[in-house]
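> pasting the sequence and the predicted model now:
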Amino acid sequence: MNTKYERQLKKGVLEMLVLKLLSKEKMYGFQLIQELQACNSKYFSLKEGTLYPILYRLEDDGLVKSEKIINKPKELAKKYYVITDQGVEVLKELENLWEDFSKEVSKIMED
Amino acid sequence: MNKEKYLHKVIKYLSCSKKDKKRIYEDLSADIDEAMENGESWQEIEIRFGDPKDLAGELMENMDVDTKSKHKNFWIGLICCVCIVVTIGFLVYKMFIPTTILLKDSTYFDYDEVHEKAMEVINYASNDDYEAIANIGIDEFKQDSVKKQLKDTMAMMKHGTFSKISSEQYVENSTLTSKYAAASITVMYEDNAITYTLAFDENLNLSAFYMK
């Protein structure tokens, strides 16, 4: 597989996947990486070098926000990423878009 | 390499805003701590993260930092700097290094006026009239010390009676801030020849007087 094309195809989807995971619960970076690893995905196991730039873009666009939370006494504060209301709205739009998009792509590819 | 050194190396290789560098440092640091809490050793994490330069490159690539645009801006900036330096150099050159043209080609000085003024000076010099020379000169010529210098120099040059002008050349020297007309006139006298070098400012006041 040509890694350049694979990377381009993945690029547009990763934001949506991260938003989806965060819509279930707030997570810190390492947790997000583990969650995706747990999905046993061949294409979407994220590394730090990919995940954090995605989170920063989503944060800059106001779709997620970061919060420092102390879970246990004497524990260092952890930086959690939380989806915002705007992020929830955008995720809905992306899910609809993805549905239409994948249907159309499949249709064209089947012809 | 320990965790701190590793992270500093990653940050060193990043070319992004301070804000992004700060949050990358914080997130990677927290990520490492979390992985270690989950039983991974630092050595294992270091192998998983890979070379700091590669991790920084991956971060930069995914942060959509437009390196082409950055390079373009760099070249535009460099060209602008070169243009500014060349312009400043040209202005400094024009300001301090005079350009010389024949006085007949000057659009500022009238050749006949300068010639007439020069002949007046030669006439005074031939009669050793240093007072008259001082009077048509700029203010510095009117100082007693300069008058004395003129008088002494003229007394040294015992030349006898005026015979003829053997050669004369006139030019205009100009810088960005000033212009002056210069004349080099060789006069034959009864006993010897003297070459006078004269300069006149924009108002045709004598501003330099040399005898040789």
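In hand now; what should we look at? Residues are numbered from 1 along each chain as shown, chains lettered A, B, ... in the order given.

> which stretches of the chain form strands?
If you meant another chain, say so; for now it's chain A. Chain-ordered strands for chain A, with DSSP state E as the definition, fall at A:64-69, A:78-83.

> actually it's chain B I care about, not the one you picked
Taking DSSP E as the criterion, chain B carries its strands at B:99-102, B:162-174, B:179-189, B:193-200, B:206-211.

> for chain A, which of those is the nearest?
When these are compared by CB to the nearest CB, strand B:99-102 sits nearest chain A, at 57.2 Å. C-beta here means a position set from N, CA and C on the backbone, and glycine is covered the same way.

> can you give me the mean pLDDT across the longest helix along chain B?
Across chain B, the helix with the greatest residue count (assigned by DSSP state H) is helix B:67-96. Here the mean pLDDT over helix B:67-96 is 80, rounded to a whole number.

> stretch A:91-100 now?
Rounded mean pLDDT across stretch A:91-100 is 95.

> who touches it?
Applying CB atoms under 8 Å, 6 or more residues apart in numbering or on different chains, the set of residues contacting stretch A:91-100 from outside is A:13, A:15-16, A:19-20, A:23, A:63, A:83.

> export the strands of chain A as JSON lines, with columns for mean pLDDT and mean neighbour count.
Formatted as JSON lines, the entries for the strands of chain A read as follows, by pLDDT from 0 to 100; neighbours: other CB atoms under 10 Å in any protein chain shown:
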{"stretch": "strand A:64-69", "mean pLDDT": "90", "mean neighbour count": "16"}
{"stretch": "strand A:78-83", "mean pLDDT": "92", "mean neighbour count": "20"}
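
> out of those, nearest to B:E113?
In this view, the strands of chain A are compared for proximity to B:E113 by CB to CB, and strand A:64-69 is the closest at 81.7 Å.

> show me how chain B divides into domains.
Residue ranges for the domains of chain B, per automatic domain parsing: B:3-65, B:67-97, B:99-211.

> widest-spaced pair of the contacts of stretch A:91-100?
The largest distance within the contacts of stretch A:91-100, taken as CB to CB, falls between A:V13 and A:I83 and amounts to 16.8 Å.

> residue of chain A closest to chain B, please.
Closest approach between chain A and chain B, counting by CB to the nearest CB: A:G49, at 3.1 Å.

> how deep is that residue tucked in, by neighbour count?
Residues within reach of A:G49, counting by other CB atoms under 10 Å in any protein chain shown, total 22.

> ok, the residue most central in space within chain A - contacts?
Per CA atoms, centre = their mean, the C-alpha nearest to the average position across chain A is that of A:V18, at 1.2 Å. Each residue near A:V18 by CB under 8 Å, 6+ apart is listed here: A:32, A:51, A:54-55, A:58, A:64.

> and the domains of chain B, which one is worst for confidence?
domain B:67-97 (a mean of 79).

> what are the ranges of the helices in chain A?
Counting by DSSP H, one finds helices in chain A at the ranges A:3-24, A:29-38, A:48-60, A:85-110.

> so which of those helices is the most packed in?
Burial of the helices of chain A is given as mean neighbour count (mean count of other CB atoms under 10 Å in any protein chain shown); helix A:48-60 ranks first at a mean of 20.

> avg pLDDT for that one?
Mean pLDDT, taken over the full extent of helix A:48-60, equals 92.

> still on that earlier bit, turn the strands of chain B into TSV, including distance to B:L91.
Supplementary listing: the strands of chain B in TSV, determined by distance: least, CB to CB, whole Å:
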stretch	distance to B:L91
strand B:99-102	13
strand B:162-174	14
strand B:179-189	16
strand B:193-200	24
strand B:206-211	24
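
> which residues does the closest residue to chain A within chain B contact?
Among the residues of chain B, B:E58 lies nearest to chain A; the distance is 3.1 Å by CB to the nearest CB. Residues touching B:E58, when contacts are defined by CB under 8 Å, 6+ apart, comprise A:47, A:49-50.

> what is the nearest of the residues you listed to B:K22?
Minimum separation from B:K22 among those (CB to CB) is found for A:G49, which lies at 17.1 Å.

> separation between the closest residue to the closest one other than its chain neighbours and B:E46?
With sequence-adjacent residues excluded and distances taken as CB to CB, 6 or more residues apart in numbering or on different chains, A:G49 is closest to B:E58, at 3.1 Å. Counting by CB to CB, to the nearest Å, the separation of B:E58 from B:E46 is 15 Å.
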